[in-house]
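1. Fold the following, please.
(one chain, ligands or ions: 1)
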Amino acid sequence: MKRLYLDYNATTPLREEVRAALIEDLAVYGNASSMHADGREARTRVEEARNRVGELLGAPAKTIVFTSGGSESNNTVFNTMRRLASDRNGAPLAGGRRGFITTAVEHPCVLNSAKYLESLGFRVTFLPVDQYGKVRMEEFKKALNEETLLVSVMMANNEIGTIQNIREIAAMTKAAGGWMHTDAVQAAGKIPVNAPELGVDYLTMSAHKIYGPKGIGALYIKEKAPLFPLIQGGHQEDGMRAGTYNNMGILGFGKAAELAKRDLAAYGREMGALRRRLRDGLFAAVPDIKINGHPEDVLPNTLNVSFPGAEGEAILLSMDIAGIEASTGSACASGSLEPSHVLTAIGAESELAHGSIRFSLGLGVTEDDVDYVLETAPPIISRLRSMSTVYQD
Ligand SMILES: Cc1ncc(COP(=O)(O)O)c(C=O)c1O
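-> Now for the predicted structure:
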């Protein structure tokens, strides 16, 4: 049976060119910190990869630190701020800046980092968002003050695809004297992301969302922004992240970043057209549905749809039997009976939040694939709705 993968926001397969490059790179075994020829060869390739990742973000290579992924990059930023603002016992320094601002719709690795700091005594504001998932700027202005140490707002949401106005948020943060971080894990490679132009101090990305390997990511750090290593050890990455260089991960990441930059415009056009086809087709075939996320400022590959009267997990399982792999929200939240924190934050009622499916499209998906979803999903929804004891159409 045909399997149709539509869960590209959870992770992506390796691109063919990345796989080929990785197979070649398997031979590069030198420790990139060693001075001999094998070490130097590994190091040269690591630095080429750093250049490519930097180029995807419009940033010089020296601003890029490799990490094990988006979660580590985000944790590194929060840990840095805690170190900047804590006394020897980890409690907030008296008299210093101790305010953190983030949003209610961040990935759990940001939300839980912020909650941890809150438990240590730091002041954390979790900004509400509007019905489309956008930060309410008036709430942001109210929260931002001379106490604010860090503002961390994701560039694009993993569940509903809403894109935030990072440039404006960063400008206001800098004017107030705070540090600005954005989690661009879902944005990089899908929409233009230029870290210097955004005006952020820190920016997070992850290779496995852009057709690169898992377990490798990067943190962009603007020159002169502070950084304390999360992982202590050797002097790799200029002392900013210890641990023997992950040659394979880094080289694969570099290749994936190079291809993402080359194909960015075509990706946006193609994904946008497929998303519209899927959205319009679902509207035509299934009554009473709702699209979650911003109508325009949204990732070209992400379509989150609520089907009232049908349970999200039941839809997923039925689609999986028919060969279609999607998601009810984020991969990190699956297995949880709680409705998605993102859908709750945009004000979706419990029934809508429980009946939502995230289709996330990616390279290799075709119009025929979308048409297969449009043939397969509507009868599933109407069967589930007909079994519901409460749903009335
Ligand atoms: C927005 C966002 N941030 C961070 C992460 C975590 O990245 P990683 O899986 O590389 O740790 C993810 C992954 O799902 C994500 O979607």
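2. which other residues reach the least confident helix or strand in the chain by mean pLDDT?
-> Lowest by mean pLDDT, DSSP states H and E among the helices and strands of the chain is helix 350-354, with a mean of 82. Outside of helix 350-354, the residues within contact range by Cβ atoms under 8 Å, 6 or more residues apart in numbering are 290, 306, 308-309, 311-312, 339-340, 343-344. Yep, even glycine has a C-beta here, placed from its N, CA and C like the rest.
3. In three-state terms, label the closest residue to Asp38 other than its chain neighbours for me.
-> Counting by Cβ to Cβ, 6 or more residues apart in numbering, Gly30 is the residue found nearest to Asp38 once chain neighbours are left out, at 3.2 Å. Of the three states, Gly30 takes coil under DSSP: H, G, I helix; E, B strand; the rest coil.
4. Show me what from the stretch 151-300 of the chain comes close to the ligand.
-> 154, 158, 183, 185-186, 206, 217 (Cβ under 6 Å from any ligand atom).
5. Dump those residues to JSON lines, plus pLDDT.
-> Listed next are those as JSON lines, based on pLDDT from 0 to 100:
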{"residue": "Met154", "pLDDT": "98"}
{"residue": "Asn158", "pLDDT": "98"}
{"residue": "Asp183", "pLDDT": "99"}
{"residue": "Val185", "pLDDT": "98"}
{"residue": "Gln186", "pLDDT": "98"}
{"residue": "Ser206", "pLDDT": "98"}
{"residue": "Gly217", "pLDDT": "98"}
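6. Surely Pro213 and Arg19 touch.
-> No: contact between Pro213 and Arg19 fails when scored by Cβ atoms under 8 Å: they sit 9.5 Å apart.
7. Got phi/psi on Tyr220?
-> In this entry, Tyr220 is assigned phi and psi values of phi -80, psi 130 (degrees, to the nearest 10).
8. these two touch, right, it and Tyr202?
-> Yes: with contact defined as Cβ under 8 Å, Tyr220 and Tyr202 form a contacting pair (6.6 Å).
9. Spell out which residues are contacts of both of these two.
-> With Cβ under 8 Å, 6+ apart, Tyr220 and Tyr202 have no common neighbours.
10. how deep is Gly355 tucked in, by neighbour count?
-> Gly355 is flanked by 30 other residues according to other Cβ atoms under 10 Å.
11. show me the contacts for it.
-> Here Gly355 is in contact with 306-312, 315 (Cβ under 8 Å, 6+ apart).
12. Of those, which belong to helices?
-> With DSSP state H as the criterion, helices contain 312, 315 from among the contacts of Gly355.
13. Helices of the chain, residue ranges please.
-> Counting by DSSP H, the helices of the chain are 16-25, 37-56, 70-85, 108-120, 137-143, 166-175, 195-198, 247-285, 312-321, 341-345, 350-354, 367-387.
14. hang on, the earlier thing: now tell me which of the contacts of helix 350-354 the prediction trusts least.
-> Minimum pLDDT across the contacts of helix 350-354 is recorded for Pro339, with 86.
15. So what's the residue count around the nearest residue to that one once chain neighbours are set aside?
-> In this structure, Pro339 finds its nearest non-sequential neighbour in Ala353, 3.6 Å apart by Cβ to Cβ, 6+ apart. Residues near Ala353, counting by other Cβ under 10 Å, number 23.
16. where does this protein have low pLDDT?
-> Residues of the chain meeting the criterion pLDDT under 70: 329-337.
17. Regarding stretch 85-103, how distant is the last residue from the first?
-> End-to-end span of stretch 85-103 (Cα to Cα, to the nearest Å): 21 Å.
18. what does stretch 84-96 give?
-> 9 Å.
19. And for stretch 299-311?
-> Termini of stretch 299-311 sit 25 Å apart (Cα to Cα).
20. Glu313: what's it in contact with?
-> Thr328.
21. Could you pull out the buried residues of stretch 117-133?
-> 117, 122-127, 129, 132-133 (16 or more other Cβ atoms under 10 Å).
22. Show me which pair in those residues is furthest apart.
-> Phe122 and Tyr132 (29.2 Å; Cβ to Cβ).
23. Could you give the number of residues near Glu325?
-> So Glu325, with other Cβ under 10 Å, has 14 neighbours.
24. I'd say it and Tyr8 touch.
-> No: judged on Cβ under 8 Å, Glu325 makes no contact with Tyr8 at a distance of 10.1 Å.
25. Could you export the residues of the stretch 151-300 of the chain next to the ligand as CSV, including distance to Arg276 and neighbour count?
-> Formatted as CSV, these follow (distance: Cβ to Cβ, whole Å; neighbours: other Cβ atoms under 10 Å):
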residue, distance to Arg276, neighbour count
Met154, 24, 26
Asn158, 21, 28
Asp183, 27, 28
Val185, 24, 28
Gln186, 19, 28
Ser206, 27, 28
Gly217, 31, 26
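26. From the ligand, how far off is Val193?
-> With distances taken as Cβ to the nearest ligand atom, to the nearest Å, Val193 is found 13 Å from the ligand.
27. Pull up the gap between that residue and Glu139, please.
-> From Val193 across to Glu139, the span is 25 Å (Cβ to Cβ, to the nearest Å).
28. same question, Glu223
-> Relative to Glu139, and taking Cβ to Cβ, Glu223 is found at 31 Å.
29. higher neighbour count, those two?
-> Taking neighbours as other Cβ under 10 Å, Glu223 and Glu139 compare with Glu139 leading, 16 against 10.
30. and the nearest residue to that one once chain neighbours are set aside, what does it touch?
-> Distances taken as Cβ to Cβ, 6+ apart place Leu127 nearest to Glu139, at 5.4 Å, with adjacent residues excluded. Contacts for Leu127 (Cβ under 8 Å, 6+ apart) come out as 101-104, 135-136, 139-140, 143, 153.
31. pretty sure Gln236 contacts Ile250?
-> No: if you go by Cβ under 8 Å, Gln236 and Ile250 don't touch, sitting 11.0 Å apart.
32. With neighbour numbers in mind, choose between these two.
-> Taking neighbours as other Cβ under 10 Å, Gln236 and Ile250 compare with Ile250 leading, 26 against 20.
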